[in-house]
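*Asks:* A predicted structure for the sequence below; I have some questions about it.
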Amino acid sequence: MAIHHPGHPDVVLLRQGAPLDAYSIPHLMQLGIHEVWIRYPGLEHLVRFVDPQLMANYRTLTTRIGNVIDQAMVRNTVEIDFYACKKALLSVTRHLADSPQSALWISQVAHADKPFVRHSGNVAALSLMMGMRLDFYLVRERRSLPAGRAKDLTSLGIGALLHDIGMLRVSQAALDRYNATLDTTDPEWRTHTALGYDMMRGVLDPTAAIIALHHHQAWDGTGFPERPSLRGGTRPAAERDVHVLARIVAAAETFSRIKNPAHAPGSNSKLTPTIPTVRALRHMLDEPMRKKFDPVVFKALMSVIPAYAPGSVVRLSTQQDAVVVSWDVNNPCKPLVEVLQEFDPRPMKQRGKVVRIDLREHRDVSIIAMDGEDVSGDNFEPAEHGEFDLLALYRSMENRVHADLKPDAKKDAKHDVKPEVAKVEDGSQEQLPPAEAA
């Protein structure tokens, strides 16, 4: 796949098919480009995980948001061409629907020159992918809206892209403290949610502004900011006190922040390097972190983020190098891998036998390293069958709905919650509950 300049997304550094040599590779590393898609004999089938048009649309979207952030740095409000941004969101969403496999890499391949924009873009991509998987849940959680509007992802995309816009109003000292300690309890750092809400309120859809305010709210009530209590003082917001779109962004944002701590404003990539995806997921699975997320939303997160994404080169416990060719959401750390043979440029028919290992069937073989980093202690398995199976959850929820409906009422049910591709539609205003409006 072509390689674009991280600071100037429209500039192509190397076109598709260009050779990587001793001159180009060091220059790519200096620009912060540490992984690229290459053509390797015998692995041409992995091209299904690459969609250049999806990546191009994603770069367009993140570029627009970069411009919004640049403007917000010198103004106290968000000025956004909502129509242009919605059009870009629509293009991304359509290609996500058409290329669900290539979407696995969207947040890791599309770069931006500003860490802040990379983080915002990654969170938006993950949120959109999760939202598309959760359309049945959105209908259930947004019952005040018709089913079509309940599944509309416009506010989710805009809110996810601008969820941290309030960071631009936080002092550099607070940002430095956070980047040095990653301490989310810092009172001044916490103000970025309310600051972002104030910048977006009255400019964008209310639900998008609510995402900025509540994306650090936790399912178990430990998040922030707390809400005013009718008895005076404040009270924690927990579970369905928080809008479902904010719950989606909360999970996506947490994953991105754990995996890529250097994407925070003012961060240092040498002090806080990116960690392997499997390690970030393992951290989110462990208690008490797991309790912070809506269980249904968490299943959606696990369904769109492979612990070892297809195309990744890994080292097995057998000391063989292999490439991941597919994965099973029900057992994320046991993908299907193809052992890398000695480089052989000959046609397929003249090469040796392809060796594939399904790690689900070979329990004695595991992945011990990825990108040269030891991950042997990061692998995990489901605690019970179907723990990460979002489709099975949907089926059980649907069965409960039909069981509760009387035979006469089934034909009168207003909403069919069968999962389908969520669409970005116009007019997605939502009446927020009083607590959320406040």
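*Replies:* In hand now; what should we look at? Quick caveat: nothing in here was measured; it's all calculated off a predicted structure.

*Asks:* hey, let's count contacts and neighbours off CA atoms from now on
*Replies:* Noted.

*Asks:* list the contacts of stretch 279-296.
*Replies:* Applying C-alpha atoms under 8 Å, 6 or more residues apart in numbering, the set of residues contacting stretch 279-296 from outside is 218-222, 239, 247, 250-251, 255, 258-259, 307, 375, 378-380, 390.

*Asks:* now the residue nearest to the spatial centre of the chain: how far from residue 64?
*Replies:* The centroid of the chain falls nearest to residue 126 when counting by C-alpha atoms, centre = their mean (2.2 Å). With distances defined as C-alpha to C-alpha, to the nearest Å, the gap from residue 126 to residue 64 amounts to 18 Å.

*Asks:* ditto for residue 152
*Replies:* Distance of residue 152 to residue 64, computed by C-alpha to C-alpha: 21 Å.

*Asks:* please say which of these two ends up with more neighbours.
*Replies:* Of the pair residue 152 and residue 64, residue 152 is the one with more neighbours under other C-alpha atoms under 10 Å, namely 23 against 18.

*Asks:* part of a helix, is that one?
*Replies:* No. With DSSP: H, G, I helix; E, B strand; the rest coil as the criterion, residue 152 is located in coil rather than a helix.

*Asks:* and the gap between it and residue 55?
*Replies:* In this view, residue 152 and residue 55 are 22 Å apart by C-alpha to C-alpha.

*Asks:* my guess is residue 169 contacts residue 190. True?
*Replies:* No. Contact criterion C-alpha atoms under 8 Å: residue 169 and residue 190 do not qualify, at 11.4 Å.

*Asks:* buried ones in the strand or helix carrying residue 65?
*Replies:* Take DSSP states H and E as the rule and residue 65 turns out to sit in helix 52-72. Neighbour counts using 16 or more other C-alpha atoms under 10 Å place 54-66, 68-69, 72 of helix 52-72 among the buried residues.

*Asks:* which members of these are the farthest-apart pair?
*Replies:* 54 and 72 (27.1 Å; C-alpha to C-alpha).

*Asks:* which stretches of this structure have low pLDDT?
*Replies:* Per-residue confidence for the chain (pLDDT under 70) gives these ranges: 73-77, 80-83, 99-114, 263-271, 343-352, 400-438.

*Asks:* returning to what we had before: got a PyMOL select line for the buried ones in the contacts of stretch 279-296?
*Replies:* Buried residues within the contacts of stretch 279-296, by 16+ other C-alpha under 10 Å, are selected in PyMOL with:
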select buried, resi 218+219+220+221+239+247+250+251+255+258+259+307+375+378+379+380+390
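
*Asks:* okay, and which of the contacts of stretch 279-296 map to helices?
*Replies:* When these are checked against helices using DSSP state H, the ones located there are 247, 250, 251, 255, 258, 259, 390.

*Asks:* now distance to residue 370 too, for those, in JSON lines please.
*Replies:* Shown next, in JSON lines, are those (distance: C-alpha to C-alpha, whole Å):
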{"residue": "247", "distance to residue 370": "30"}
{"residue": "250", "distance to residue 370": "27"}
{"residue": "251", "distance to residue 370": "24"}
{"residue": "255", "distance to residue 370": "18"}
{"residue": "258", "distance to residue 370": "17"}
{"residue": "259", "distance to residue 370": "14"}
{"residue": "390", "distance to residue 370": "27"}
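
*Asks:* ok, back up a step: so which elements touch the helix holding residue 65?
*Replies:* Applying 3 or more C-alpha pairs under 8 Å, 6 or more residues apart in numbering; DSSP states H and E, we find helix 52-72 packed against helix 82-98, helix 106-109, helix 115-133.

*Asks:* so which of those helices is the most packed in?
*Replies:* Per-stretch averages of neighbours, counted by mean count of other C-alpha atoms under 10 Å, single out helix 115-133 among these, with a mean of 26.

*Asks:* helix or strand right after it?
*Replies:* Towards the C-terminus, the helix or strand next in line after helix 115-133, according to DSSP H and E, is helix 135-141.

*Asks:* mind listing what's buried along that next one?
*Replies:* 135, 136, 137, 138, 139, 140.

*Asks:* pull the most distant pair out of the residues you listed.
*Replies:* Considering C-alpha to C-alpha, no two members of the buried residues of helix 135-141 lie farther apart than 135 and 140, which are separated by 8.8 Å.

*Asks:* what's the strand ranked longest in the chain packed up against?
*Replies:* If each strand of the chain is counted by residues according to DSSP state E, the longest one is strand 321-326. Contact partners of strand 321-326 among helices and strands, from 3+ C-alpha pairs under 8 Å, 6+ apart: strand 313-316, strand 336-339.

*Asks:* what lines up beside that strand in the sheet?
*Replies:* In its sheet, strand 321-326 lies beside strand 313-316 (antiparallel), strand 336-339 (antiparallel), with partners assigned from DSSP bridges.

*Asks:* got those as a markdown table, with mean neighbour count and distance to residue 203 columns?
*Replies:* Conversion of the strands paired with strand 321-326 to a markdown table gives the following (neighbours: other C-alpha atoms under 10 Å; distance: least, C-alpha to C-alpha, whole Å):
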| stretch | mean neighbour count | distance to residue 203 |
| --- | --- | --- |
| strand 313-316 | 22 | 45 |
| strand 336-339 | 21 | 47 |
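
*Asks:* and these: which comes nearest residue 43?
*Replies:* strand 336-339 (8.9 Å).

*Asks:* after that closest one, which helix or strand is next?
*Replies:* Counting by DSSP H and E, the next helix or strand C-terminal to strand 336-339 is strand 356-358.

*Asks:* go through that next one and flag the buried ones.
*Replies:* When neighbours are counted by 16+ other C-alpha under 10 Å, the buried residues of strand 356-358 are found to be 357, 358.

*Asks:* contacting residues around the next helix or strand after it?
*Replies:* Once the chain leaves strand 356-358, the next helix or strand it forms, by DSSP H and E, is strand 367-370. The contact list for strand 367-370, computed with C-alpha under 8 Å, 6+ apart, reads 276, 312-317, 333, 374-377, 379.

*Asks:* show me the domain layout of this structure.
*Replies:* 37-304, 313-374 (automatic domain parsing).

*Asks:* looking at those, which is buried most?
*Replies:* Across the domains of the chain, averaging neighbours per residue (mean count of other C-alpha under 10 Å) puts domain 37-304 on top, at a mean of 20.

*Asks:* mind checking the end-to-end distance for stretch 278-294?
*Replies:* As for stretch 278-294, its first-to-last residue distance stands at 20 Å under the measure C-alpha to C-alpha.
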